[in-house]
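**Q** Make a model of this:
(chains A and B)
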Amino acid sequence: GDSVTQMEGPVTLSEEAFLTINCTYTATGYPSLFWYVQYPGEGLQLLLKATKADDKGSNKGFEATYRKETTSFHLEKGSVQVSDSAVYFCALSGYNTDKLIFGTGTRLQVFP
Amino acid sequence: DGGITQSPKYLFRKEGQNVTLSCEQNLNHDAMYWYRQDPGQGLRLIYYSQIVNDFQKGDIAEGYSVSREKKESFPLTVTSAQKNPTAFYLCASRLQISGNQPQHFGDGTRLSIL
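**A** This next block holds a predicted model:
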């Protein structure tokens, strides 16, 4: 069945460092891909999405490109801030399906 | 502003007690979902509903029950049969059953055992 694999955390960075969080997927057909962010004690917020191959989703300085050839959707940010510390979830949804498949989440810790 | 409201934010359950978590959305979304999140873990799907008066079991439905009498409401009951209910519960909704629509989440309810 469909699945999402994320790199294990925590990812620990200094402020202004470059961020990459890896996400790969297994799915039939052409899924849509999402990144969500969860701050402590809160629900998940949609960060960005991409619905077809080569699409680039972007928001708040974060980017991810839908790479069908490598079945990947890696999250990147050029310069992280302390306020980016959170847990990041990669997720996929097959076309005409009713559920999202989530990765296990990657905790990001940014220190000043 | 449109959104999803979960209440209460914190809830305590005694042994043998059923408790109900509220989830209301004013986004006019068709589908609604309940997830359980344990500390440091990902999300596990409990129940979901695509239309009023219909719902399906997710991956961990045992010990839980739901109803969907109105489009905007999807309450979750944690029954006494759920022996380990301590967790963070998240409700979500989605505009339609189409893969390119994201789910939108509430702020969660944290349930603990007294």
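
**Q** Please count neighbours and contacts with C-alpha atoms only from this point.
**A** Will do.

**Q** where does the chain dip in pLDDT?
**A** As the question left the chain open, I've gone with chain A. The model of chain A has pLDDT under 70 over residues A:95-96.

**Q** could you do chain B instead?
**A** Ranges of chain B meeting pLDDT under 70: B:1, B:97-99.

**Q** Those residues of chain B touching chain A, which are they?
**A** Where chain B comes near chain A, counting by CA under 8 Å from any CA of the partner chain, the residues are B:41-43, B:50, B:90, B:97-100, B:102-108.

**Q** Narrow the residues you listed to just the buried residues.
**A** B:42-43, B:50, B:90, B:97-100, B:102-108 (16 or more other CA atoms under 10 Å in any protein chain shown).

**Q** Take the residues you listed and keep only those in strands.
**A** The strands, defined by DSSP state E, take in B:Leu43, B:Leu90, B:His104, B:Phe105 from these.

**Q** can you tell me which residues contact the closest residue to the last one other than its chain neighbours?
**A** The shortest distance from B:Phe105 to any residue that is not its chain neighbour, by CA to CA, 6 or more residues apart in numbering or on different chains, is 4.3 Å, and that residue is B:Ala92. If you count contacts by CA atoms under 8 Å, 6 or more residues apart in numbering or on different chains, B:Ala92 has them with B:Ile4, B:Met32, B:Tyr33, B:Trp34, B:Gln103, B:His104, B:Phe105, B:Gly106.

**Q** Just give the nearest non-adjacent residue to the fifth one, would you?
**A** Which is B:Gln103. Using CA to CA, 6+ apart, the nearest residue to B:Gln103 is B:Arg94, at 4.8 Å.

**Q** Would you confirm that that neighbour contacts B:Asn100?
**A** No: using CA atoms under 8 Å, B:Arg94 is not in contact with B:Asn100; the gap is 10.3 Å.

**Q** circling back to that earlier point, would you mind measuring from the residue nearest to B:Gln103 to B:Asp30?
**A** Going from B:Arg94 to B:Asp30 by CA to CA, to the nearest Å gives 6 Å.

**Q** A:Gln45 now?
**A** 19 Å.

**Q** Contacts only, for the residue nearest to the spatial centre of chain B.
**A** Among the residues of chain B, the one closest to the centroid is B:Trp34, at 2.9 Å (CA atoms, centre = their mean). Each residue near B:Trp34 by CA under 8 Å, 6+ apart is listed here: B:Leu45, B:Ile46, B:Tyr47, B:Tyr48, B:Leu76, B:Tyr89, B:Leu90, B:Cys91, B:Ala92.

**Q** Which one of those residues sits in the busiest neighbourhood?
**A** Tallying neighbours with other CA atoms under 10 Å in any protein chain shown puts B:Cys91 at the head of these, with 33 neighbours.

**Q** Okay then, goodbye and thanks.
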